[in-house]
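Student: fold the stuff below for me.
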Amino acid sequence: MPVGRQPARPGPTSRLWPSGGAHLWPSGGTSSAHSHPRGHLVYAARGVLSVYTERGTSIVPANRVGWIPSGFAHYHRAHGDTDMRILFLPASLARLMPGHPAVFLVSDLAREILLTLTGPRNYDRAAGGYDRAARARLRRVLVDELPEAQEQPLQLPEPRDDRLRALARILYEEPADNTSLAELGRRAGASARTLSRLFQGELGMTFYQWRTQLRVYHALVLLADGHDTTRVAHACGWANPSGFIAAFTDVIGTTPGRYRRRTP
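Tutor: Numbering: from 1, shown residues only. As a prediction, the model looks like this:
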C-alpha cells in the first residue's frame, strides 16, 4: 500500500479555514498524495480513514486519531461515508507530538475537543465563533490529552525488500488467503526462514502478526460498509466468528459489534 498517484474518484464536500477543515468523503474517495508545512491531526467523526505514507498504512477508525508531522507526503482513502476532520497544530504544540506518523486512542474529552475545533463555529458565523485565546486553550488541552492515551499503533508497515513486497501484494489483493508462509515464499522467491527473518528485521513483527493486522484493517473497511460480523470474519480469513472477534478485540480494543454501535 505505498504512496502513489491514485485513480480519480468522487471528491469530498469541503469546508476549510486557516486552522483546519472538514471533508465529507463518499465511500472509496481518495485524495492525491500531498504534504503540509504544518503537522496536523486527522480524525474520522464518521466512517474509517486509511492514511498512507512512505512509512506504511495507518488505519484511523472513529475511536482513534491520526497524527501526521509536517512535510510527510501522504494521502487518504475513505471507507464508508466518512466525515474527515483536519486540525493543524502550531509549531509550539506540534513539537510536543511524535516526529513520525502516529495513531492515538481518542478519549471522550479528546473527541469532543476535536469536534469542537473542527465544527460549525469555525466556519459558520451564525453558529458563533471562538476567540483566539479560547481556541488556543482547547488545542493545548487536546495535545495534553493525547499522549496520556499513549500511541495505539494501527499501522501496517510497508515492506522494502522485493520478496516481502511480492508477498504483501498477494495478501493485499486477498486478505483471506490462508496459504502457508512456505508456499507464499515459493511464489515470492524466498524460503520461509528468510521471509520470517525479513519480517522481524524490517517490520518488527512476525508474518502471522502482520497478516492478522492486515486482516483486521480489512475488517474495519468491511464493517464501515455495513457488513455483519459473520460475513466479515469469513471475508478476512477466519474460519469462525469467535476467532475473528478475539483478534479484532486484541487489536482495536473492543469487539466488532461494540465498535459498530459506537461508530456514528
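Student: what strands flank the helix or strand of the chain with the lowest mean pLDDT, and is each parallel or antiparallel?
Tutor: Using mean pLDDT, DSSP states H and E, strand 155-157 stands out as the lowest-scoring helix or strand of the chain, at a mean of 77. Each strand that pairs with strand 155-157, with its direction, by DSSP bridges: strand 56-60 (antiparallel).
Student: if we can go back for a sec, residues in contact with the least confident helix or strand of the chain: which ones?
Tutor: 1, 55-59, 101, 103, 202-205, 210, 213-214, 217 (C-beta atoms under 8 Å, 6 or more residues apart in numbering). Glycine gets a C-beta too; all of them are placed from N, C-alpha and C.
Student: among those residues, name the ones in helices.
Tutor: Judged by DSSP state H, the subset of these located in helices is 210, 213, 214, 217.
Student: least confident of these?
Tutor: Here the lowest pLDDT out of those sits on residue 217, with 87.
Student: could you dump the ones in helices among the contacts of strand 155-157 to a markdown table with neighbour count?
Tutor: As requested, the ones in helices among the contacts of strand 155-157 are arranged in a markdown table below (neighbours: other C-beta atoms under 10 Å):
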| residue | neighbour count |
| --- | --- |
| 210 | 20 |
| 213 | 21 |
| 214 | 19 |
| 217 | 24 |
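Student: what score does the residue nearest in space to the middle of the chain have for pLDDT?
Tutor: For the chain, residue 59 is the residue whose C-alpha lies nearest the centre (C-alpha atoms, centre = their mean; 1.8 Å). Residue 59 carries a pLDDT value of 85.
Student: look up how far residue 239 lies from it.
Tutor: Using C-beta to C-beta, to the nearest Å, we find residue 59 at a distance of 23 Å from residue 239.
Student: circling back: pretty sure the residue nearest to the centre of the chain sits against residue 223.
Tutor: No - at 11.5 Å, residue 59 does not count as touching residue 223 under the criterion of C-beta atoms under 8 Å.
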